[in-house]
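1. Predicted model follows, preceded by the sequence.
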Amino acid sequence: MKVLFNRLIAMTNNQLYALVPAPRVSPADAEVVARWFQSEDAGRQLAQAAAFARDVIEQFNRASVIPPEELYRPITLA
């Protein structure tokens, strides 16, 4: 478990904060985050976030698909 915390800290500090300067994440903070990820509340919230993301992606894909009959329609300028 300690290896997981150390990897989480290293990933957060080295990759995410390399893009945006921010304070370092302490081992205690990483442990709190890891506990949250293991909780039932986190599972429910992550499932809701994933469902929302899937819905957004699905709506985007539907909106960005051009119907075949529209592909060859002439463009008219007013």
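-> Everything's here; your move.
2. Not counting its own residues, what contacts the longest helix along the chain?
-> For the chain, the longest helix by residue count, based on DSSP state H, is helix 40-64. Residues outside helix 40-64 that contact it (CB atoms under 8 Å, 6 or more residues apart in numbering): 36-37. Where you see a C-beta, it was placed from the backbone N, CA and C, and this is true even at glycine.
3. One more pass at 10 Å, please.
-> 33, 35-37, 39 (CB atoms under 10 Å, 6 or more residues apart in numbering).
4. Now, those that are in helices?
-> For the contacts of helix 40-64, secondary structure assignment (DSSP H) places 33, 35-37 in helices.
5. which of the residues you listed count as buried?
-> V33 (16 or more other CB atoms under 10 Å).
6. Using JSON lines, lay out the ones in helices among the contacts of helix 40-64 together with pLDDT.
-> Listed next are the ones in helices among the contacts of helix 40-64 as JSON lines, based on pLDDT from 0 to 100:
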{"residue": "V33", "pLDDT": "84"}
{"residue": "R35", "pLDDT": "88"}
{"residue": "W36", "pLDDT": "85"}
{"residue": "F37", "pLDDT": "83"}
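7. The helix or strand just after the longest helix of the chain - what's its average pLDDT?
-> From helix 40-64 onward toward the C-terminus, using DSSP states H and E, the following helix or strand is helix 68-71. Computed over helix 68-71, the mean pLDDT rounds to 75.
8. before we move on, what about stretch 38-50?
-> 87.
9. I'd like the distance from it to the chain centre, please.
-> With CA atoms, centre = their mean, to the nearest Å as the basis, stretch 38-50 stands 13 Å off its chain's centre.
10. No more questions from me, cheers.
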